[in-house]
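[1] For reference, the sequence and a predicted model appear below.
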Amino acid sequence: MHRFAITLLAALALTLGLAACDGGKPAAKFASSDITGAEFAQAFTLTDHNGERRSLADFKGKAVLLFFGFTHCPDVCPTTLARAKLALQKLGPDASKVQVLFVSVDPERDTAEVLKGYVTAFDSGFVGFTGTPDEIKQVAQDFRIIYQKSKGDGPNDYTVDHSTQTYVYDPQGRIRLYISHAQDVDAVAHDLRLLLDGA
Ligand code: NI
């Protein structure tokens, strides 16, 4: 009788243990790199594509995808913005809970007007940012973004090599993820879904 009771308790504990495991909140399995708690990439204030001064913190309440690039970019920037657009489409109605931001590392050519035409061609809700060259330099440093002009044939003909990661913030405005350029649409959508679900 006694032994039977102990066996029963053990079985019960095992069952409860499994139940707790199922019902608890296991660590989220993000497809991209989890950088929760990072102390860089915290804040900026720049000029948006409508000419208004706005800050990263103004977008609290939504998950934010933040990417740095330039409108003349031949490949990485268009594919990254297109990937963001496709990921939002996969989220369906929850796409309204995600904000995509694009910061120019080519402020000489990327005026607010140029940026507006560029980012809204991908999605009318995307927001572009520019600033003075000094402002961009400081923000890039704060966000660990490297960029460097490389000359073309003419004086105004140059390209800009730049870091290609996308940062993701949760709706509370905390930095959470580092998405490499190599991640696919499904991975981005999957990670955004986890964050929107409270991960
Ligand atoms: Ni680019």
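    Here it is on my side, so go on. Note that the structure is predicted; figures quoted are calculated from it, not measured.
[2] what is the mean pLDDT for the host helix or strand of residue 114?
    Secondary-structure assignment from DSSP states H and E places residue 114 in helix 112-122. Along helix 112-122, the predicted confidence averages to a pLDDT of 98.
[3] Next: stretch 129-147.
    Mean pLDDT, stretch 129-147: 98.
[4] distance between it and the chain's centre?
    Stretch 129-147 has its C-alpha centroid displaced from the chain centroid by 17 Å (CA atoms, centre = their mean, to the nearest Å).
[5] May I have the distance across that stretch, first residue to last?
    End-to-end distance of stretch 129-147: 16 Å, with CA to CA, to the nearest Å as the criterion.
[6] Offset the numbering so it begins at 359, please.
    That works, and once the first residue is 359, the last one we named lands at stretch 487-505.
[7] what about it and the ion, touching?
    No: counting by CB under 5 Å from the ion, the ion is not contacted by stretch 487-505; separation bottoms out at 9.2 Å. All C-beta atoms are positioned from the backbone trio N, CA, C, and that covers glycine.
[8] which residues touch the residue in the chain that the ion sits nearest to?
    For the chain, the residue positioned closest to the ion under CB to the ion is residue 431, at a distance of 2.9 Å. When contacts are counted by CB atoms under 8 Å, 6 or more residues apart in numbering, residue 431 touches 517, 518, 520.
[9] could you dump those residues to JSON lines with distance to the ion, neighbour count and pLDDT?
    Rendered in JSON lines, the data for those read as follows (distance: CB to the ion, whole Å; neighbours: other CB atoms under 10 Å; pLDDT from 0 to 100):
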{"residue": "517", "distance to the ion": "9", "neighbour count": "15", "pLDDT": "93"}
{"residue": "518", "distance to the ion": "7", "neighbour count": "20", "pLDDT": "95"}
{"residue": "520", "distance to the ion": "6", "neighbour count": "22", "pLDDT": "96"}
